[in-house]
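Chemist: sequence? don't have it. structure:
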């Protein structure tokens, strides 16, 4: 058995190495990020001015749908799985993932799924046009014929996520180095362990929802069809029973990343480690019992509205604990502002802002006003972009020197940060105003009074979009010609097993487990 | 593979399969049960004409009629009167008009909806074309009867009730409707 990687394309096709698969996941998710970003640019270009300029409304609907689907299932989720593959074995002192072949499979079924999903855009019927939440009957009775490809793609993505999660759970629970107890694990590993359990619990529910759709469309059942005794509202309940844990699936690993980066650049240990673990677990638990706050307008009984309202507000408590701990970690620390730290601080500020708007949306009576407006769009982009995506940028700058053995250019990194920070806020802050003024989401056109802020938002979106090309340039430039780093501990304040390995780490690491004291 | 890994993988896979089954086979009946328990989303409530008390002439309630076609339904379908005024407890008959303008025999099914929803429990249909599916021959037209009573216990706050019907095309779902009477 050779010790290095195989040569050529077969290295990537047949690899069972966690570092290779991590790299594949990261590049794939970046490609999807660019694709989903391109869809977003089409949306913002069309909304630059009132009236229809660039695309037909039918195509606009496909753009909003595909933007959401590609970003959620193609960009954010695989990006974190990529990070998990690269980092978890190195962080817990394991030689590889517990199930390396399944690891290969769970990656390689993803590209065909997205190819199939994206290909529907080129058919006469068009791609999915019912919003990323694919509410029935829009996605059943009134769906384009290509909806079957969409359903199949979702099934494959779900299978991939479930396999990846089983792998992560098995790795974390069985392959930790001697002496690494659960409460000594890095927080990134903790958050991913909890995320993996969430995924195993809810991805099958999503699979169930699309299976029912499939049967309603093709086999004459009526789960969601009122004419046959079903109920479209049932779809919303099932979807959000999956959907709310899903949004935490996309943010918990980000919490883990931030909890690694802030102590490093504050040169202090993380404040309140165990409370961080418990807060993460509480958030995960609460995510299962709050789903109907996405559907305050379906005509629930008042008791239901009140329950979901209070349960949702409860989530602010463990989340507040986390934000408090991050700030306390920075308090009186010897802080330096390298690019990962800038992204991490921006994460804390902007994610908290998004959390506050989430709290506003949780108030059932006022949600009836905010529901399905741009206020909601602004809210979830603050938590998903400034949350999940910023944390991914932070993670890449933070660990890239470890992965490649080369340092990125600090000046270019900071440029990327400031352009994306400013671009992001110009894009999404005005959307709060638009939403409060009553502009509904998912429309290709809008009333004249919304024109100015929409133009501002579109300009911001183009800036933010361009900043991601800067990111791509930075990563490639670092890999090709970055200054070599010699020491294992790239950041002097860093802690953790991955920083005891050489930079870049050899193809196989921790073949004999390290001793953790 | 390690024994404990194998055991864990088996458990986790089983968990995933169980959640899939839960979504498919448990959640829909659970939802219906829950709706039944808290009394929402129920199509009909039991009401017998014998229980009708004398008409409450001190109140007048406006009842409006609306008709909608499901997107692919080509029938002409509208109420013959758009609005009536009734006293609670009074028995009233109105008719909807339906015309199958196509060249094929079709079966329609009307689905009712009462607005405001607080009035739903107090609006009793003692005879309604929505109880059965409605077969119409190609080009055939019909007047569809509806008999209703507004309950005397209707909350004071409700002055207007809107009854809306959506006509669905269920031709493919009903292979041979009992009501087909061949004119020849």
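Modeler: Perfect, I can see it now. None of these values were measured; they are calculated from a predicted model.

Chemist: could you pull out the helices for the stretch 301-450 of chain A?
Modeler: Listed from the start of the chain, the stretch 301-450 of chain A has helices (DSSP state H, counting those that start in this stretch) covering A:302-314, A:316-330, A:339-362, A:364-370, A:374-383, A:390-404, A:410-436.

Chemist: Pull the number of nearby residues for the closest residue to chain A within chain B.
Modeler: With CB to the nearest CB as the measure, residue B:23 is the residue of chain B nearest to chain A, at 2.7 Å. Where C-beta positions appear, they are placed from N, C-alpha and C, glycine not excepted. A total of 23 residues lie near residue B:23 under the criterion other CB atoms under 10 Å in any protein chain shown.

Chemist: I'd assumed it was in a helix, is it?
Modeler: Yes - when DSSP: H, G, I helix; E, B strand; the rest coil is applied, residue B:23 is found to be in a helix.

Chemist: got a pLDDT number for the closest residue to it other than its chain neighbours?
Modeler: The spatially closest residue to residue B:23, leaving aside those adjacent along the chain, is residue A:208, at 2.7 Å (CB to CB, 6 or more residues apart in numbering or on different chains). Predicted confidence (pLDDT) for residue A:208: 97.

Chemist: next one: residue A:502
Modeler: According to the model, residue A:502 carries a pLDDT of 93.

Chemist: From the structure, what's the count of residues near the residue nearest to residue A:110 when sequence neighbours are not counted?
Modeler: In space, residue A:110 comes closest to residue A:160 once its chain neighbours are excluded; the distance is 5.3 Å by CB to CB, 6+ apart. Taking other CB under 10 Å as the neighbour definition, residue A:160 ends up with a count of 22.

Chemist: SS state for residue 126?
Modeler: Since no chain was named, I'll use chain A. coil.

Chemist: That was the other one, I meant chain B.
Modeler: The assignment at residue B:126 comes out as strand when based on three-state DSSP.

Chemist: What is the burial count for it?
Modeler: Residue B:126 has 15 neighbours, counted by other CB under 10 Å.

Chemist: thought it was touching residue B:145?
Modeler: No - under the criterion of CB atoms under 8 Å, residue B:126 makes no contact with residue B:145, lying 10.6 Å away.

Chemist: Show me the helices in chain B, by range?
Modeler: For chain B, the helices defined by DSSP state H occupy B:3-21, B:27-38.

Chemist: Quick one: name the residues of chain B near chain A.
Modeler: B:1-2, B:4-5, B:8-9, B:12-13, B:15-24, B:27-28, B:31-32, B:35, B:38, B:40-41, B:70-71, B:109, B:111, B:117, B:168, B:170, B:173 (CB under 8 Å from any CB of the partner chain).

Chemist: residues from chain A in reach of chain B?
Modeler: Proximity of chain A to chain B, by CB under 8 Å from any CB, involves residues A:98-99, A:142, A:162, A:165-166, A:169-170, A:173-174, A:200-205, A:207-209, A:211-212, A:220, A:223, A:226-228, A:231, A:233-234, A:237-238, A:241-242, A:299, A:301, A:303.

Chemist: Would you write a PyMOL line that selects the buried entries of the residues you listed?
Modeler: Here is the PyMOL command that selects the buried residues among these (16 or more other CB atoms under 10 Å in any protein chain shown):
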select buried, chain A and resi 98+99+162+165+166+169+170+174+200+201+202+203+204+205+207+208+209+211+212+223+226+227+231+233+234+237+238+241+242
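
Chemist: so who does the most centrally placed residue in chain A touch?
Modeler: Central residue check for chain A by CA atoms, centre = their mean: the C-alpha nearest the mean position is that of residue A:76, 3.1 Å away. Residue A:76 makes contact with A:29, A:250, A:384, A:388-389, A:392, according to CB atoms under 8 Å, 6 or more residues apart in numbering or on different chains.

Chemist: hmm, try it at 7 Å
Modeler: By CB atoms under 7 Å, 6 or more residues apart in numbering or on different chains, the residues touching residue A:76 are A:250, A:384, A:388.

Chemist: quick check, nearest of the residues you listed to chain B?
Modeler: Ranking these by separation from chain B, with CB to the nearest CB as the measure, puts residue A:250 on top at 18.9 Å.

Chemist: what's that closest one sitting at in phi/psi?
Modeler: Note on residue A:250: its backbone torsions stand at phi -80, psi -10 [degrees, to the nearest 10].

Chemist: Residue A:384 is in contact with that one, correct?
Modeler: Yes - using CB atoms under 7 Å, residue A:250 makes contact with residue A:384 at a distance of 6.4 Å.

Chemist: gap between the one helix or strand residue A:150 maps to and the chain center?
Modeler: Remark: residue A:150 resides in helix A:147-174, with elements defined by DSSP states H and E. Its chain's average C-alpha position is 15 Å from that of helix A:147-174, according to CA atoms, centre = their mean, to the nearest Å.

Chemist: before we move on, the earlier item: quick check: which of the helices of the stretch 301-450 of chain A is buried the most?
Modeler: helix A:390-404 (a mean of 24; mean count of other CB atoms under 10 Å in any protein chain shown).

Chemist: which residues make contact with it from outside it?
Modeler: With contact meaning CB under 7 Å, 6+ apart, helix A:390-404 is reached by A:79, A:83, A:86-87, A:254, A:257-258, A:261, A:339-340, A:343-344, A:346-347, A:407-408, A:413, A:471, A:475, A:478-479, A:482, A:485, A:490, A:498, A:503-504.

Chemist: Can you list which of those are found in strands?
Modeler: Among the contacts of helix A:390-404, the members found in strands (DSSP state E) are residue A:407.

Chemist: Show the buried residues in the contacts of helix A:390-404.
Modeler: When the contacts of helix A:390-404 are checked against 16+ other CB under 10 Å, the ones flagged as buried are A:79, A:83, A:86-87, A:254, A:257-258, A:261, A:339-340, A:343-344, A:346-347, A:407-408, A:413, A:471, A:475, A:478, A:482, A:485, A:490, A:498, A:503.

Chemist: can you give me the offset of stretch A:174-191 from its chain's centre?
Modeler: With CA atoms, centre = their mean as the basis, the distance from the averaged C-alpha position of stretch A:174-191 to the chain average is 23 Å.

Chemist: The nearest residue to residue B:139 once chain neighbours are set aside - how many residues pack around it?
Modeler: Counting by CB to CB, 6+ apart, residue B:139 lies nearest to residue B:100, which is 6.4 Å off, once chain neighbours are set aside. For residue B:100, the number of neighbouring residues by other CB under 10 Å comes to 23.

Chemist: Now do the same contact list for residue B:100.
Modeler: If you count contacts by CB under 7 Å, 6+ apart, then residue B:100 has B:75, B:106, B:136-140 around it.

Chemist: what about 8 Å?
Modeler: B:74-75, B:106, B:108, B:136-141.

Chemist: and it, how far is that from residue B:167?
Modeler: Summarising the geometry, the distance separating residue B:100 from residue B:167, computed by CB to CB, to the nearest Å, is 11 Å.

Chemist: got any ranges where the chain has weak pLDDT?
Modeler: Just so you know, I chose chain A. Scanning chain A for pLDDT under 70 picks out A:1-3.

Chemist: Let me rephrase: I mean chain B.
Modeler: By pLDDT under 70, the weakly predicted segments of chain B are B:1, B:41-53, B:175-184.

Chemist: Report the angle between the helix or strand hosting residue A:24 and helix A:410-436.
Modeler: Using DSSP H and E, residue A:24 falls within helix A:18-46. Interaxial angle, helix A:18-46 versus helix A:410-436 (axes from the mean of the first three to the mean of the last three CA atoms, to 10 degrees): 50 degrees.
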